[in-house]
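Trainee: just need the structure, nothing else, for what follows:
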Amino acid sequence: MAYALLHLGPQAIRPQETPLTITARSTTLPRDYVLCTDDRTIPPEEQEKMVKDWPEGHVHRLAAGHSPYFSHPDSLADLLIKAVRKDG
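Mentor: Numbering: from 1, shown residues only. You can find the predicted model right below:
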C-alpha cells in the first residue's frame, strides 16, 4: 500500500474519451474482463453495463477494489492464467 500511495498521480483522461474504431478483425480478438465487485473508482454497476453483451465465461468477478494487482495479486494472477489458457 505504501508503494501505491507514493506513486499516485494525475491520470490522463484522453484515453477514456477517445472513441475506438471497431473493425471486423477486432471483434474476433479474444477478450476477458475482470470486474472488481468492490471497486469505488468504476462502480460495479457501470462495469456490468460495459460487459452486458459479452459472452458468458469472459467476465470474471473478483471481490477486490480498483487495483487488484495490489490487494489480491494471487487471485488476479489465477484469473488471468485461466483466461489465457481458455482462449489459447
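
Trainee: what mean pLDDT does stretch 47-67 have?
Mentor: Across stretch 47-67, pLDDT averages out at 94.

Trainee: before we move on, what about stretch 19-34?
Mentor: 90.

Trainee: state the distance from the nearest residue to Thr41 once chain neighbours are set aside to Glu46.
Mentor: Sequence neighbours aside, His66 is the residue nearest to Thr41 in space, at 4.0 Å (criterion: C-beta to C-beta, 6 or more residues apart in numbering). C-beta coordinates here come from the backbone N, C-alpha and C atoms, glycine included. Distance of His66 to Glu46, given as C-beta to C-beta, to the nearest Å: 12 Å.

Trainee: give me the element the residue nearest to Thr41 is part of.
Mentor: In this structure, His66 is located outside every helix and strand according to DSSP states H and E.

Trainee: got a list of what it touches?
Mentor: 36, 39-42 (C-beta atoms under 8 Å, 6 or more residues apart in numbering).

Trainee: do you know how far it is from Ser75?
Mentor: 15 Å.

Trainee: same thing with Val59?
Mentor: 15 Å.

Trainee: what of Val84?
Mentor: Taking C-beta to C-beta, one finds Val84 at 15 Å from Ser75.

Trainee: tell me which of the two has more neighbours.
Mentor: Using other C-beta atoms under 10 Å as the criterion, Val84 and Ser75 rank with Ser75 on top: 15 against 11.

Trainee: now the more buried one. Its backbone dihedrals?
Mentor: phi -60, psi -40 (degrees, to the nearest 10).

Trainee: not counting sequence-adjacent ones, nearest residue to it?
Mentor: The nearest residue in space to Ser75 (C-beta to C-beta, 6+ apart) is Leu62, at 6.0 Å.
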